[in-house]
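A.B. asks: starting from these lines, generate the structure:
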Amino acid sequence: MTTTTLAVLVPLLPFLGAAAGLLLGRTTPGFVRPLAVLPALAALVLAASVAVRQGGGRTINAHTELTPTGSVPIDLALYIDGFAALTAVLVAFVATCVQIYSTGYLRDDPRYPSYAALVSLFTSAMLLVVYSGDLIVLLVGWEVMGICSYFLVGHYWETPEARAASLKAFLVTKLGDVPFLIGLFALGTDAGSFRITRVLGAVAGGGLDHPTLIALLLLAGVAGKSAQFPLHTWLPDAMAGPTPVSALIHAATMVAAGVYFIARLLPVFEASFAAMVVLAVMAAVTMTGSGLAALAQDDIKRVLAYSTIGQLGYMTGALAVGDRGAAVFHLLSHGAFKALLFLAAGVIIHAAGTNSLAAMSRMHGLRDRIPDAYWTMTVALLALAAIPPFSGFFSKESVLGAAEHVTGGHTEHAPGAAGWIVLVAGLVTALLTAAYATRLWLLAFRGRGAEAPEHGRQPLTMTVVLWVLAIPSLAFGGFAYRTLPGWFDGRDLTPTLLTSILGTGLALVGGLLTYGAWQHTSALAARAPLGAVAAHPEGDAGLVEAEAIATHRPAYGDIAYAPDPADPGRLLLGPLHRHAAAGFHLDAVYTALFVRPVQAGASLVRFLDREVVDTYVHAAAALPRFLGAAVRRAQTGNVQTYVSALLAGTVVLAVAVVLVATGA
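C.D. replies: Numbers count the residues shown, from 1 in each chain. As a prediction, the model looks like this:
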């Protein structure tokens, strides 16, 4: 079988699995789990085969005309280089883990068939984005992911939080997709083709007439999809969806799509230094702001959501300094440990007995009750904090090293200002990341909240997946930085001495400061009473999650919890804590700038429609109605009345004739 055929099957198999799952899920429930897991697993095997055959060498490039357009053609094309081959393996790997995990996590969910089918469709759409060699076909996968996120985030549609989160995710990403679509059309028009190879050829030949405008329009869509400032606000709220969905969105699909898109079309952005500076500023604000916000969140999934936003900031920062190898290296590394973090959080939700989104201030005694989640999440948090030799260290240092390289002055790929912006923000974020990772670990596994009653072990499928993901979280970085340069433009990914010392030193400082603050607050709160704990019914994690969202109270029954007063985040942030916990009130700003004016405009239109337009219509109808009423009164049906009126009319006419004649 040719490599092209294998590549076509990679996105096709999950799509067929999704279609079969939707058709057969209700009638033959026994096929639901195989239809969820096997297509993703087969896609993983085929994606790995494509990667082995591609080998980081010559790009696989095949196309056929999809439809004659009469102007710029649209092709069904494949464009698989080293970036695409490895990213597809990541997507299929994480999707397979999520599907296996979900068989246990949502084992009793009545809507599991539709959930599994949507996850498969989500996976297929992302794989289409990764392999597509035509921008319009890529756009199809891009938009299908948006639709899938809407349905998956709103999986628990009975709850107002899930409904609001799904709408917000859809609308905010669409806000970026509109200029993104315009930018794609402008790019295709300037280049004379939507084929990626021809677009890149046009850029190399200086064929773009409006590079800055095109790059900024495309950046709007990337900011929405990859949750970058200022269109990042949908991602923390999307935690209202099932936890496995969060793992898929954050690790391998949706948010990774924007970063991957820039990496694939990086020469388009490099054609404008202004766009590169904008990208660097966007990355810097995103990194630092999300780090502060994560340090103030009480909910474990919201901490991880802001963490994803910050790590994506690292990736866009690497792209802003013109090093797509470092960006995709961190994308691959982050995909493994972030999937592990979310799936371990799902186990914590199952065990903590707090609420659907696992408030860390209510956790107690989880280390001994869920040792699998404890050890694997510790590995993932060390990778997140970029502590050597875990994978996050090597990929993050590749980003900082790329930024340091550009600080020496303008290069052919990026301005020196972008290097300084990314480097300073990246070092500050290294400290903040270690701080909130340490805080999460302390509150989740050594917290002083009320202890939830034991409710049994997690399904084996959930714990096995955690250990599978722990392997790349631990070992991928040390292996990859030596082998990936051959796949990624040949650029060296070896950590540099200066940034390694600075980044690791700041990470250790952040962790130690957080631990010291936790010790201090624990000593002050030593006399704080713990909450009383009541019994709770046993139940499936996914169903408990949905119920807890609906009831706005701790899951597993009526449990009176006492929040853990030993929260180091309050001490570290001080007066900034309240603002950071609210995401620096960006939603309130959007409400004031956009929502309320739109609502006011809608109220004005409604008033004009009701009071002006309706009044005019009613007035226009009143006159005929009045005349009709007058005529209706004359139609009495009495013959004597008609004869009298006839005689009266005759007399009037006769008098009129006489008067006219006399006057004449």
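
A.B. asks: now do the contacts for Glu65.
C.D. replies: Glu65 is in contact with Pro73, Ile74, Asp75, Leu76, counting by Cβ atoms under 8 Å, 6 or more residues apart in numbering. C-beta coordinates here come from the backbone N, C-alpha and C atoms, glycine included.

A.B. asks: just the pLDDT for the first one.
C.D. replies: When you say that, I think you mean Pro73. pLDDT, Pro73: 83.

A.B. asks: how about low-confidence regions in the protein?
C.D. replies: Applying pLDDT under 70 to the chain picks out residues 352-358, 410, 448-456, 525-566, 664.

A.B. asks: what ranges do the strands span in the chain?
C.D. replies: Along the chain, counting by DSSP state E, strands occupy 60-67, 74-80.

A.B. asks: just put the ones you listed in TSV and tack on distance to Ala373.
C.D. replies: Output for the strands of the chain, formatted as TSV (distance: least, Cβ to Cβ, whole Å):
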stretch	distance to Ala373
strand 60-67	40
strand 74-80	36
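
A.B. asks: most tightly packed of those strands?
C.D. replies: Highest mean neighbour count of the strands of the chain: strand 74-80, a mean of 22 (counted as mean count of other Cβ atoms under 10 Å).

A.B. asks: helices and strands around that one, which ones?
C.D. replies: Helices and strands touching strand 74-80, by 3 or more Cβ pairs under 8 Å, 6 or more residues apart in numbering; DSSP states H and E, are helix 3-24, strand 60-67, helix 112-131, helix 135-153, helix 196-204.

A.B. asks: how far off centre is it?
C.D. replies: Computed by Cα atoms, centre = their mean, to the nearest Å, the chain-centroid distance of strand 74-80 equals 26 Å.

A.B. asks: could I get that strand in PDB with only the CA atoms?
C.D. replies: Provided in PDB are the C-alpha atoms of strand 74-80 (Å, rounded to 0.1, in the frame of the first residue of the first chain):
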ATOM      1  CA  ILE A  74      -9.400  24.100  -5.000                       C
ATOM      2  CA  ASP A  75      -7.500  20.800  -4.700                       C
ATOM      3  CA  LEU A  76      -7.900  17.700  -2.500                       C
ATOM      4  CA  ALA A  77      -4.200  17.700  -1.600                       C
ATOM      5  CA  LEU A  78      -1.800  16.100   0.900                       C
ATOM      6  CA  TYR A  79       1.200  17.900   2.100                       C
ATOM      7  CA  ILE A  80       3.100  15.800   4.700                       C
END
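
A.B. asks: and that strand with helix 112-131, angle?
C.D. replies: 80 degrees (axes from the mean of the first three to the mean of the last three Cα atoms, to 10 degrees).

A.B. asks: contacting residues around Gly477?
C.D. replies: Ser333, Ala383, Pro389, Phe390, Ser391, Gly392, Phe393, Phe394, Ser395.

A.B. asks: next one: Leu23
C.D. replies: Going by Cβ under 8 Å, 6+ apart, the list of residues near Leu23 is empty.

A.B. asks: Arg33: which of the contacts of Glu65 is nearest?
C.D. replies: For these, the minimum distance to Arg33 (Cβ to Cβ) is 32.0 Å, reached by Leu76.

A.B. asks: for beta bridges, what are the partners of the closest one?
C.D. replies: Thr64 (DSSP bridges).

A.B. asks: that one contacts Val137, correct?
C.D. replies: Yes. Using Cβ atoms under 8 Å, Leu76 is in contact with Val137, at 6.2 Å.

A.B. asks: ok, back up a step: from the contacts of Glu65, which single one is nearest Phe488?
C.D. replies: Asp75 (25.7 Å).

A.B. asks: thinking again about what came up before, residues shared between the contacts of Leu76 and Val137?
C.D. replies: Common neighbours of Leu76 and Val137 (Cβ under 8 Å, 6+ apart) are Leu66.

A.B. asks: burial of the nearest residue to Leu235 once chain neighbours are set aside, as a residue count?
C.D. replies: Nearest non-adjacent residue to Leu235, counting by Cβ to Cβ, 6 or more residues apart in numbering: Ala227, 4.1 Å away. Neighbours of Ala227 under the rule other Cβ atoms under 10 Å: 30.

A.B. asks: same thing with Arg632?
C.D. replies: 9.

A.B. asks: before we move on, what about Leu343?
C.D. replies: 31.

A.B. asks: rewinding a little: among the contacts of Gly477, name the buried ones.
C.D. replies: Ser333, Ala383, Phe390, Ser391, Gly392, Phe393, Phe394, Ser395 (16 or more other Cβ atoms under 10 Å).

A.B. asks: and these, which is closest to Ala283?
C.D. replies: Ser395 (15.2 Å).

A.B. asks: for the closest one, give me its contacts.
C.D. replies: The neighbourhood of Ser395, defined by Cβ under 8 Å, 6+ apart, consists of Ala326, Phe329, His330, Leu332, Ser333, His334, Gly477, Ala480, Tyr481.

A.B. asks: what's the most distant pair in these?
C.D. replies: His334 and Tyr481 (14.3 Å).

A.B. asks: between these two, which has more neighbouring residues?
C.D. replies: A count of neighbours by other Cβ under 10 Å puts His334 above the other of His334 and Tyr481, at 31 against 22.

A.B. asks: quick one: Ala296 from Val303, how far?
C.D. replies: Going from Ala296 to Val303 by Cβ to Cβ, to the nearest Å gives 9 Å.

A.B. asks: which of these two has more neighbours?
C.D. replies: Val303 (28 against 25).

A.B. asks: if I read this right, the more buried one contacts Gly291, doesn't it?
C.D. replies: No. Between Val303 and Gly291 there is no contact under Cβ under 8 Å: 10.7 Å.

A.B. asks: got any residues that touch both of these two?
C.D. replies: Contact criterion Cβ under 8 Å, 6+ apart; residues shared by Val303 and Gly291: Tyr436.

A.B. asks: run a quick neighbour tally on the nearest residue to Ser166 once chain neighbours are set aside.
C.D. replies: In space, and not counting its chain neighbours, Ser166 is closest to Gly154: 3.1 Å by Cβ to Cβ, 6+ apart. By other Cβ under 10 Å, the residues close to Gly154 number 22.

A.B. asks: how far away is Gly154 from Leu167?
C.D. replies: Gly154 is 8 Å from Leu167, by Cβ to Cβ.

A.B. asks: who touches the closest residue to Gly426 other than its chain neighbours in this structure?
C.D. replies: Distances taken as Cβ to Cβ, 6+ apart place Leu400 nearest to Gly426, at 5.1 Å, with adjacent residues excluded. Listed by Cβ under 8 Å, 6+ apart, the contact set of Leu400 reads Leu423, Gly426, Leu427, Ala430, Thr496, Thr499, Leu502, Gly503.

A.B. asks: greatest separation within the residues you listed: which pair is it?
C.D. replies: Spatially, the most separated pair among the contacts of Leu400 is Ala430 and Thr496, at 14.1 Å (Cβ to Cβ).

A.B. asks: higher neighbour count, those two?
C.D. replies: Comparing Ala430 with Thr496 by other Cβ under 10 Å, the one with more neighbours is Ala430, at 28 against 17.

A.B. asks: thought the more buried one was touching Lys396?
C.D. replies: Yes. Counting by Cβ under 8 Å, Lys396 is a contact partner of Ala430 at 7.1 Å.

A.B. asks: need the residues touching each of these two.
C.D. replies: Ala386, Gly503.

A.B. asks: in the stretch 251-400 of the chain, which spans are helices?
C.D. replies: Using DSSP state H, counting those that start in this stretch, the helices assigned to the stretch 251-400 of the chain run over residues 255-264, 266-270, 273-296, 300-320, 324-352, 366-369, 371-384, 391-406.

A.B. asks: what is the neighbour count of Ser272?
C.D. replies: Residues lying near Ser272 (other Cβ under 10 Å) number 19.

A.B. asks: that one and Ile182, how far apart?
C.D. replies: To Ile182, Ser272 is 16 Å away according to Cβ to Cβ.

A.B. asks: with Asp298 instead?
C.D. replies: Taken as Cβ to Cβ, the span from Asp298 to Ile182 is 40 Å.
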